[in-house]
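**Student:** Everything below, folded, please.
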Amino acid sequence: MDLSHKIQNRSATVGVIGLGYVGLPLALEFIKAGYCVIGVDTSRAKIKKLESKKSYITDISDEDLEQAFATGRLRVSQEHELLKEADSISICVPTPLRKTKEPDISFIVSATRKLSRVLRSQQLIVLESTTYPGTTEEVVLPELEKGGFKVGQDFYLAFSPERIDPGNPHFHLKNTPKIIGGHTEACTKMAVSLYSSIVDRVITVSSPKAAEMVKLLENTFRAVNIGLVNEMAIMADRLNLDVWEIIDAASTKPFGFMPFYPGPGLGGHCIPVDPHYLSWKLKTLNYTPRFIDLAEEINLRMPVLVVDKIAFALNRFKKAINGSKILILGVSYKKDVGDVRESPALDILELLQQRGAAIFYEDTYCPHLELHGKSHDSIALAYDRFCEFDCVAMITNHSYYDISKIVECAPIVVDCRNATKAIKNKTKIIKI
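**Tutor:** I've put the predicted structure just below:
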C-alpha cells in the first residue's frame, strides 16, 4: 500500500522528532486523528515524564497524556532507530540563536543525519522548526538524498512552520491554518493529505523556502510593531502622556490601524529569536534589514526602562534601589504559562541585583528559577505581606492576580502591563 492510501485510511505511522511545545501537541493531535505515533526526543527527562504520564507543557494536561497512551497507539523513545517504522516524520526541534545572534541549526542537522540512516522509500519528511529561508532545500534535502533516494519519487519533503501560541485558549493546532510548501508538487500534495487530517484548513505555497519566509514574516511583523509601540511609550513618557490612553483612542479607528502594546521587553520562543534568522540570511546576501535591527535595539532597551521606572518610584519615597526589597510579579514571558525563555523578567531581575536590590519574585507557573547559576524560589502569594517590600513590579499579569489587592497592599506598584487601568487611585502606581 502506498503512502497516500495509508494516510487516507489512517494506517500510516507518524513519527515526531522533538517533543517540546510544538512536537508534543502535534503528536497528540495525530493520535486523536487515529494514527499510530512514535515520538522521539533526546531528553531522557522528557521521555521519563511522558512514560509517567506527566505533562511539562502548559497546554497539555496529564489527563491528555493518559488518554493518548490508553489508545495503545503512542510510543515515546530516545531511539531514532524506531523511525524506520514511520511513514511520515515531522521534525520539531529547537532552533536557538548563538551568542553571536547567528542561527543555530545544529538540532536540525543532527536530526536530519539520524533520519538519513533510517530513510526508506515512501516516507514523508516535514520540517516544522523555524529557520532561515533555504534550510529545507539547502541543508535537509542534500543529506536525505545521500543514500540514493530521489525527492518527489522515493520520498517526499516539505516545510510547514509551527504556529503554536502557548496559553492561547482560542487558537490551537487544529483551528489554526497550516502553511505547507513542498519541494515538488507531489511533496506538497502528500504533506497536505497528512496535515489536512488534523487541521481545519491548509494553505499551500510554492516552495519550502516560501513557507520558511512566511513564518519569519509573521514574527518579524510582531517584533517590529512591538518595537514601534515600545518607542511610542518612551516618547509618550517624555511628553508626559499616557501611552495606553493614546493606543486605546487610536484603536477606535475601524481601518488602517492594528493595536500593539508596550511591555517590559520581548520574550518567548519566537519573536526575540526568529527575526535574526531572516536578518542573518539577508546579511549573507549583502543586505542589511534595518527595521529588524532597529526594533531589536528598542525592545532590548525596555528592561532598562522598567528598572529606571522602579528607581523613579523609589526616589519619590526617598529610597534607593540599593538595599531595597523589590518583588517581581510574574517571570514567565506571557500570562498564564510557565515558559521563561527570553523573558525580560530575567534581565530585570539581573539589573536590579546589579544595582544592589534584594530581589524576590512570585510566579505559580514558575516555582523555581535559575539566574546565573543561582537558584531562586517563588514566594507564596500573600497580599498582606506586600507591605514588607519597598516596591512591587508587575512584569507578567497572570490571571490569578487580584490587582486591587496588589495596589491596596503594596507601597509602590510599577505596572508594565496596564493591569491597573481600572484602579481609580493612581497615586502610588507608576506605569511604563
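
**Student:** quick one: average pLDDT of the helix or strand where V126 lies?
**Tutor:** If you go by DSSP states H and E, V126 is part of strand 123-127. Averaged across strand 123-127, pLDDT comes to 98.

**Student:** Name the residues of it that are buried.
**Tutor:** 123-127 (16 or more other CB atoms under 10 Å). Heads up, the C-betas are built off the backbone N, CA and C, glycines and all.

**Student:** For stretch 142-151, give me every contacting residue.
**Tutor:** The set of residues external to stretch 142-151 that reach it, using CB atoms under 8 Å, 6 or more residues apart in numbering, is 109, 112-113, 115-116, 119, 121, 125, 141, 155, 157, 183-184, 187.

**Student:** That stretch: end-to-end distance?
**Tutor:** End-to-end span of stretch 142-151 (CA to CA, to the nearest Å): 10 Å.

**Student:** That stretch - what's its average pLDDT?
**Tutor:** For stretch 142-151, the mean confidence score works out to 96.

**Student:** List the buried residues for it?
**Tutor:** Buried residues in stretch 142-151 (16+ other CB under 10 Å): 143-145, 151.

**Student:** Narrow those to those in helices?
**Tutor:** 143-144 (DSSP state H).

**Student:** Please narrow the contacts of stretch 142-151 to those residing in strands.
**Tutor:** 125, 155, 157 (DSSP state E).

**Student:** Make CSV out of those residues and add distance to S324.
**Tutor:** Converted to CSV, the ones in strands among the contacts of stretch 142-151 look like this (distance: CB to CB, whole Å):
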residue, distance to S324
I125, 55
F155, 61
L157, 57
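
**Student:** closest to L82 among the residues you listed?
**Tutor:** I125 (15.5 Å; CB to CB).

**Student:** In contact with that closest one: list those residues for me.
**Tutor:** Contacts of I125 by CB under 8 Å, 6+ apart are 88-89, 91, 115, 119, 140, 144, 155-158.

**Student:** and if you look at A223?
**Tutor:** 266, 271-272, 274-275, 292, 295-296, 299.

**Student:** roughly how far apart are P344 and G34?
**Tutor:** Per CB to CB, to the nearest Å, P344 is found 42 Å from G34.

**Student:** Just want to know which of these two has more residues nearby.
**Tutor:** P344 (23 against 14; other CB atoms under 10 Å).

**Student:** Where does the closest residue in space to the more buried one that isn't next to it in sequence sit: helix, strand or coil?
**Tutor:** Distances taken as CB to CB, 6 or more residues apart in numbering put G265 closest to P344, at 2.9 Å, once the chain neighbours are dropped. When classified by DSSP: H, G, I helix; E, B strand; the rest coil, G265 comes out as coil.

**Student:** Now find how far off-centre the host helix or strand of V307 is within its chain.
**Tutor:** In the assignment (DSSP H and E), V307 maps to helix 290-316. Helix 290-316 sits 22 Å away from the centroid of its parent chain (CA atoms, centre = their mean, to the nearest Å).

**Student:** Centroid-nearest residue for the chain?
**Tutor:** Centrality entry for the chain: nearest residue to the mean C-alpha point is H269, 3.1 Å, by CA atoms, centre = their mean.

**Student:** How about the secondary structure of that residue?
**Tutor:** Classified using three-state DSSP, H269 is coil.

**Student:** That one: what's it in contact with?
**Tutor:** 21, 339, 341-342.

**Student:** circling back to that earlier point, from the contacts of stretch 142-151, which is closest to M213?
**Tutor:** H183 (15.1 Å).

**Student:** ok, and the closest non-adjacent residue to the closest one?
**Tutor:** In space, H183 is closest to L157, 4.7 Å off (CB to CB, 6+ apart).

**Student:** Likewise for L50?
**Tutor:** V76 (4.7 Å).

**Student:** Quick check: bridge partners of the one you found?
**Tutor:** In this entry, V76 is beta-bridged to G39, by DSSP bridges.

**Student:** Who does T13 form a beta bridge with?
**Tutor:** Beta-bridge partners, per DSSP bridges, of T13: C36.

**Student:** What residues does it make contact with?
**Tutor:** Contacts of T13 by CB under 8 Å, 6+ apart are 35-38, 85-88.

**Student:** residues in contact with A250?
**Tutor:** 257, 259.

**Student:** I meant D384, not that one.
**Tutor:** C409.

**Student:** Could you look up the SS state of it?
**Tutor:** helix.

**Student:** And it, how far from D402?
**Tutor:** When D384 is compared with D402 (using CB to CB), they lie 12 Å apart.

**Student:** N168 now?
**Tutor:** Taking CB to CB, one finds N168 at 23 Å from D402.

**Student:** returning to that earlier point: reformat the buried residues of stretch 142-151 as TSV; add distance to W244.
**Tutor:** Output for these, formatted as TSV (distance: CB to CB, whole Å):
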residue	distance to W244
E143	50
L144	51
E145	54
V151	52
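
**Student:** Closest one to I429 out of the buried residues of stretch 142-151, please.
**Tutor:** E143 (55.8 Å).

**Student:** ok, back up a step: if we look at the next helix or strand after the helix holding V307, which residues are touching it?
**Tutor:** Per DSSP H and E, the first helix or strand lying C-terminal to helix 290-316 is strand 325-329. With CB under 8 Å, 6+ apart as the test, strand 325-329 has contacts from 310, 345, 348-349, 352, 357-363, 379, 386, 388-396, 398, 401, 406, 410.
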